[in-house]
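Visitor: Mind looking at a prediction? Sequence and model below.
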Protein chains: 2
Amino acid sequence: MTDKLRLNMNEYLPLRDVVFNTLREAILKGELKPGERLMELQLAAKLGVSRTPIREAIRMLEQEGLAVTVPRKGAEVAKMTEKDMEDVLVIRATLDELAVELACDAITEEQLAQLQRARREFENRILSKDLKKIAQADVDFHDAIYQATGNARLMAMLSNLREQMYRYRVEYLKDDSKYPELVREHQAITEGIRARDKSLAAGLMKKHVLNQAAAVKSRIRGQESR
Amino acid sequence: MTDKLRLNMNEYLPLRDVVFNTLREAILKGELKPGERLMELQLAAKLGVSRTPIREAIRMLEQEGLAVTVPRKGAEVAKMTEKDMEDVLVIRATLDELAVELACDAITEEQLAQLQRARREFENRILSKDLKKIAQADVDFHDAIYQATGNARLMAMLSNLREQMYRYRVEYLKDDSKYPELVREHQAITEGIRARDKSLAAGLMKKHVLNQAAAVKSRIRGQESR
DNA sequence: CTCCTGTATTTTGTATACATTATACATCTC
DNA sequence: GAGATGTATAATGTATACAAAATACAGGAG
């Protein structure tokens, strides 16, 4: 019998996970807007499943910080105040800094190559004017760094923090006057990691994250006044 | 009509939350051991509820990192490897450091008084030899600092990180030869915050957290070899 | 018109039923 | 006896049913 005949169990996902991913995507893409109610029956009907997996998905979104539920009233897409975003940004800046430091110590040649690829890809995508693609390339760049830390928990936490900002961040990327600066920052950070200069690279990353603060927060103000 | 006649809605909690808290406590206290299976029917019978709230509670525990589920096999209490703990400790050290820095900037006189109270309470509890109480006093001390940051997200994240270590940390506190050092560290940190000396206080806190590393990790080794 | 109240409707909370998959174990074959 | 196979049992996955609360709104009192 041939050895390489294995059932790909990755294909099976419980409905709750499918629902979770679907709702998560919808929230991040902005299809489900902050404050919008997540009604079980309606979602169940729309997605063609029963309420059970919907409810479980909502519990998961809740713990991820993407939904908020009030007992007996139901869940809604989490809103972020400017203060929330500020709090998240401070944490993210600190953890991103940590990630860079760890990456300086632990990055392998292969991972460094991956990081360079991601950086170049970002530079290319910028020309495309396709926001989603640009955002994804940016995500990939940062992920390459997270990956290099070798710290799975840190990766998970940073992904989650990024997720919470994503909705507002995409808007921020609409302003293409920032692109040259972003590219420069990515280059500097990459170079710092390559040289394994912790304090330089970490400082650059912190600045890179905090640079977004003003722009992203102003996005929130826009939402609040709606 | 009298103004102060309001129904205390805090009394109502959906069963899922009651179940969640119950299981969470049981895991942290060590009544449910790492690797132990969380079977829905069994838990439902034991707690006298149906499977639905149990399932939702499990989804929440999962996102908190206290449980792991394999599709179609079920959930079990999350195990921690030594590497996991190391990863968590690095993150916690960094965020605790951040918390102290923020606290130095933002702490009020009242909060400072609370911190001092918590510190003294810890010193008293140590004499009691009651591990749970000592651990709680330690939690309160750190919470006083988190509170002073004014950053709700950071508070939540640090609580979660602490939660994940708690099971092993309690064991660590059994070794009372460490108490004098703990007391000294708490005093130094408190004093640093009072003087609003960021770099001093933050450095002390980082050291305070990392000091536990070796002891807590050895606890894990003990568990793994079981 | 305004406020209150009662009722219908919607929505969540919880339990249960049914379907499917995993597991344990006895049985059979060689 | 070792390994394969079938079957019973138990667990999870999903849907549905029923209860209880929140909400919207119509109708009536003042």
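Guide: On my side now, so go ahead.
Visitor: shaky segments in chain A?
Guide: A:1-10, A:223-226 (pLDDT under 70).
Visitor: residues in it within reach of DNA strand D, list them.
Guide: A:14-16, A:49-53, A:72-73 (Cβ under 7 Å from any atom of the strand). C-betas here are computed from N, CA, C, even on glycine.
Visitor: Name the member of those residues with the shortest distance to chain B.
Guide: A:Pro14 (5.3 Å; Cβ to the nearest Cβ).
Visitor: Give me the phi and psi for the closest one.
Guide: phi -60, psi 150 (degrees, to the nearest 10).
Visitor: swap in A:Val70?
Guide: Dihedral pair for A:Val70: phi -110, psi 130, per degrees, to the nearest 10.
Visitor: Report how many residues lie close to A:His208.
Guide: For A:His208, the count of nearby residues is 21 (other Cβ atoms under 10 Å in any protein chain shown).
Visitor: try A:Lys29
Guide: With other Cβ under 10 Å as criterion, A:Lys29 counts 12.
Visitor: I figured A:Leu154 hits A:Leu102, correct?
Guide: Yes - using Cβ atoms under 8 Å, A:Leu154 is in contact with A:Leu102, at 7.3 Å.
Visitor: Need the residues touching each of the two.
Guide: Between them, A:Leu154 and A:Leu102 share the neighbouring residues B:Val90, with contact defined by Cβ atoms under 8 Å, 6 or more residues apart in numbering or on different chains.
Visitor: do the lengthiest helix in chain A and chain B meet?
Guide: When chain A is scanned for its longest helix (criterion: DSSP state H), the result is helix A:198-224. No - contact check for helix A:198-224 against chain B, using Cβ under 8 Å from any Cβ of the partner chain: none in range, with a minimum separation of 11.0 Å.
Visitor: repeat for stretch A:39-50
Guide: No - Stretch A:39-50 stays clear of chain B (Cβ under 8 Å from any Cβ), getting no nearer than 11.9 Å.
Visitor: Output that stretch in CSV, but only the C-alpha positions, please.
Guide: Backbone C-alpha positions of stretch A:39-50 (Å, rounded to 0.1, in the frame of the first residue of the first chain) are rendered in CSV as follows:
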residue,chain,number,x,y,z
MET,A,39,-29.0,38.1,16.1
GLU,A,40,-28.9,34.4,16.3
LEU,A,41,-32.0,33.5,14.4
GLN,A,42,-31.2,35.9,11.6
LEU,A,43,-27.6,34.8,11.3
ALA,A,44,-28.6,31.1,11.4
ALA,A,45,-31.1,31.7,8.6
LYS,A,46,-28.5,33.7,6.5
LEU,A,47,-25.8,31.1,7.0
GLY,A,48,-28.2,28.1,6.7
VAL,A,49,-27.3,26.5,10.1
SER,A,50,-29.1,26.2,13.4
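Visitor: which residues touch it?
Guide: Contact partners of stretch A:39-50, identified using Cβ under 8 Å, 6+ apart, comprise A:15, A:19, A:22-23, A:51, A:54-55, A:58, A:74.
Visitor: Tell me the bridge partners for the closest residue to DNA strand C within chain A.
Guide: With Cβ to the nearest atom of the strand as the measure, the residue in chain A that lies nearest DNA strand C is A:Gly74; the distance is 2.9 Å. Under the criterion DSSP bridges, A:Gly74 forms beta bridges with A:Val70.
Visitor: Skip the chain neighbours and tell me the closest residue to the residue in chain A positioned nearest to chain B.
Guide: For chain A, the residue closest to chain B is A:Gln63, as judged by Cβ to the nearest Cβ, at 3.2 Å. Excluding the flanking residues, the one nearest A:Gln63 by Cβ to Cβ, 6 or more residues apart in numbering or on different chains is B:Gln63, at 3.2 Å.
Visitor: Check the spacing between the one you found and B:Glu191 real quick.
Guide: Noted for B:Gln63: a distance of 38 Å to B:Glu191, by Cβ to Cβ, to the nearest Å.
Visitor: Now for A:Gln147: which residues touch it?
Guide: For A:Gln147, the set of contacting residues under the criterion of Cβ under 8 Å, 6+ apart consists of A:111, A:114, A:155.
Visitor: if we go to 7 Å?
Guide: For A:Gln147, the set of contacting residues under the criterion of Cβ atoms under 7 Å, 6 or more residues apart in numbering or on different chains consists of A:111, A:155.
Visitor: ok, back up a step: I'd like the contacts of stretch A:39-50 laid out as JSON lines, including neighbour count.
Guide: Supplementary listing: the contacts of stretch A:39-50 in JSON lines, determined by neighbours: other Cβ atoms under 10 Å in any protein chain shown:
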{"residue": "A:Leu15", "neighbour count": "16"}
{"residue": "A:Val19", "neighbour count": "24"}
{"residue": "A:Thr22", "neighbour count": "14"}
{"residue": "A:Leu23", "neighbour count": "24"}
{"residue": "A:Arg51", "neighbour count": "14"}
{"residue": "A:Ile54", "neighbour count": "26"}
{"residue": "A:Arg55", "neighbour count": "22"}
{"residue": "A:Ile58", "neighbour count": "25"}
{"residue": "A:Gly74", "neighbour count": "14"}
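Visitor: Among the residues you listed, which lie within strands?
Guide: Secondary structure assignment (DSSP state E) places A:Gly74 from these within strands.
Visitor: Of the contacts of stretch A:39-50, just say which sits nearest to B:Ala201.
Guide: Closest approach to B:Ala201 among these (Cβ to Cβ): A:Ile58, at 40.4 Å.
Visitor: for chain A, what spans make up the helices?
Guide: Chain-ordered helices for chain A, with DSSP H as the definition, fall at A:15-29, A:40-47, A:51-64, A:82-106, A:109-128, A:131-149, A:152-172, A:179-194, A:198-224.
Visitor: Number of residues surrounding the residue of chain A closest to chain B?
Guide: A count of nearby residues for A:Gln63, using other Cβ under 10 Å, gives 19.
Visitor: mind listing what it touches?
Guide: Shown in contact with A:Gln63 (Cβ under 7 Å, 6+ apart): B:60, B:63-64.
Visitor: cool, and A:Gln212?
Guide: Listed by Cβ under 7 Å, 6+ apart, the contact set of A:Gln212 reads A:169, A:172.
Visitor: give me the number of residues near the closest residue to A:Lys133 other than its chain neighbours?
Guide: Using Cβ to Cβ, 6+ apart and skipping the chain neighbours, the partner closest in space to A:Lys133 is A:Arg125 (5.0 Å). The number of residues packed near A:Arg125 is 19, by other Cβ under 10 Å.
Visitor: Ok, A:Tyr179 next?
Guide: A:Tyr179 has 15 neighbours, counted by other Cβ under 10 Å.
Visitor: Quick one: residues contacting the closest residue to it other than its chain neighbours.
Guide: Using Cβ to Cβ, 6+ apart and skipping residues adjacent in sequence, the residue nearest A:Tyr179 is A:Ile126, 5.1 Å away. Residues in contact with A:Ile126, defined by Cβ under 7 Å, 6+ apart, are A:134, A:179, A:183.
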